[in-house]
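# No sequence on hand, only this structure:
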DNA sequence: TGACCTCGGTACCGTATGGTCCAGTGTCGA
DNA sequence: TCGACACTGGACCATACGGTACCGAGGTCA
């Protein structure tokens, strides 16, 4: 197997040294670093920070503890790398919102677009991984205040912040009647997500929602939102 | 009786040693137990379960570690006792909701009553202690799944469950137009609390909301709710 | 090919922590 | 007055965990 892989630099933040080494085993292409990241991500999300030992991470990644320390310095830095890596996906979601509300001309189109957006939004947020990350960040907010803040800004808050101007734009075109776009965005978000998020926080074994539940939750949220904000 | 009982409830941290030996009276045992509960509550809420050592609890309660174990058996049982004790207050809150919506005859009265209820509800939930407990339960949901579930049922969920029938009653009297009372209750709750709760979860040092913010948040939530649910 | 270098595996260290044990001591009931 | 009782203080144990030292293996370069 190819031992030196250029492939190992694909994924996330790269902190430590690395390329110089080979991999006596046969995992060059994969990269031990990536294996560590994968293992740590899974373990942190499932068990939390404290409950996950560096040794367990090493074992799960089929790597020695020393390698973990060589690559990431210490446990905190590893954790930070994981969280920042995972958080990236939230940004792309926020960025995609604009498309969903593009080219709307009639109330019927608005209704349909909002429903579609709501479905996607809800489905994304109740994803078990996303819920787990959220739980994790809340749990570690005391130990990593800056990380928690960063996660919040770039995740949950970012989406709402992106939604506000979009609703404002719809209002300008007479499709909505919105006093404060940011508040309207938050209203939409929590009408849609509030209950599911609440439940998801306290149930570690949260089987996501069924397609029907998502559909129905999205429809209800949009109905209420439009009943309040339709011109 | 029990001179010590009074001495013990100076609010928080108590480090100084204690008069050695037996604690005066059978009230003594109760006093120590209460002191342990108080200390543990504060520490668990502030630091979390793991980060709080039994020794720290003992020291803070001005009690020997052995006494902690005598009283509660082990750390987990102590934790359970704390959480269950604290959770009780949520029930009284839920029970008080009915009064707030009592004797409403006109839309104007409804509006005023909802605003008052919303203010109280919001102020209660953004209370730093309440937020801390919520964070704590989310953090420990993996270690104490049953406890987390119990907390959720008797806390957040209970309030919404209590609100549903009340809204349903108002609908029967023609003051609201509600399809699904439970959903309407959840809508009300999350319109009101969603954003504050969200922020509060990620900011450990969350200074509650100002009176103005509470007023304005409550007013907005009620406005939106009524815009959607007014007949 | 051989000196040199980097990396990783293992053993290891120090510390913190939950929990136990025990002897001394002061209080209360009999 | 005396014994039962509960609490204290502190030593103590086992364990777990983050982090490090060290040495050998496998590659690199001349």
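Sure thing, it's come through. This structure is a prediction, so every number in the text was calculated from the model and none was measured. Residues are numbered from 1 along each chain as shown, chains lettered A, B, ... in the order given.

# quick one: the helices in chain A?
Assigned by DSSP state H, the helices in chain A fall at A:32-47, A:54-60, A:65-72, A:75-100, A:107-125, A:128-139, A:145-154, A:156-172, A:181-202, A:211-229.

# Distance of the residue nearest the centre of chain A relative to residue B:71?
Residue closest to the average C-alpha location in chain A (Cα atoms, centre = their mean): residue A:90, at 4.3 Å. Between residue A:90 and residue B:71 the computed distance is 45 Å (Cβ to Cβ, to the nearest Å). Where you see a C-beta, it was placed from the backbone N, CA and C, and this is true even at glycine.

# before we move on, the earlier item: just so I know, which of the helices of chain A lies nearest DNA strand C?
helix A:65-72 (3.3 Å; Cβ to the nearest atom of the strand).

# The closest one vs helix A:32-47, what angle?
Counting by axes from the mean of the first three to the mean of the last three Cα atoms, to 10 degrees, helix A:65-72 lies at 100 degrees to helix A:32-47.

# how far off helix A:75-100 does helix A:65-72 point, in degrees?
Helix A:65-72 and helix A:75-100 are oriented at 50 degrees to each other (the same axes, to 10 degrees).

# pLDDT (mean, whole number) over helix A:65-72?
When pLDDT is averaged over helix A:65-72, the result is 92.

# mind checking how far it is from the chain centre?
Here helix A:65-72 is found 26 Å from its chain centre; the criterion is Cα atoms, centre = their mean, to the nearest Å.

# ok, back up a step: what about the closest residue to the residue nearest to the centre of chain A other than its chain neighbours, distance to residue A:89?
Excluding the flanking residues, the one nearest residue A:90 by Cβ to Cβ, 6 or more residues apart in numbering or on different chains is residue A:155, at 4.0 Å. In this view, residue A:155 and residue A:89 are 9 Å apart by Cβ to Cβ.

# and what of residue A:156?
From residue A:156 to residue A:89 the distance is 13 Å (Cβ to Cβ).

# go on, residue A:71?
In terms of Cβ to Cβ, residue A:71 sits 22 Å off from residue A:89.

# And the lowest mean pLDDT element among the helices and strands of chain A?
For chain A, scoring each helix and strand by mean pLDDT, DSSP states H and E identifies helix A:75-100 as the least confident one, at a mean of 88.

# That helix to helix A:128-139, inter-axis angle?
Using the same axes, to 10 degrees: helix A:75-100 against helix A:128-139 is 130 degrees.

# Apart from its neighbours in sequence, what residue is nearest residue A:201?
Residue A:201's closest residue in space is residue B:138 (Cβ to Cβ, 6+ apart), at 4.8 Å.

# neighbours around that neighbour, how many?
24 (other Cβ atoms under 10 Å in any protein chain shown).

# quick one: low-confidence parts of chain A?
Scanning chain A for pLDDT under 70 picks out A:1-30.

# Pull the contacting residues for the closest residue in space to residue A:48 that isn't next to it in sequence.
Counting by Cβ to Cβ, 6+ apart, residue A:48 lies nearest to residue A:139, which is 5.6 Å off, once chain neighbours are set aside. Residue A:139 sits next to A:48-49, B:48, B:135, B:138-139 when contact means Cβ atoms under 8 Å, 6 or more residues apart in numbering or on different chains.

# Report the separation between the residue nearest to residue A:90 and DNA strand C.
Look at residue A:155 and DNA strand C: by Cβ to the nearest atom of the strand, to the nearest Å, they are 30 Å apart.

# ok, that residue - how many residues close by?
Neighbours of residue A:155 (other Cβ under 10 Å): 22.
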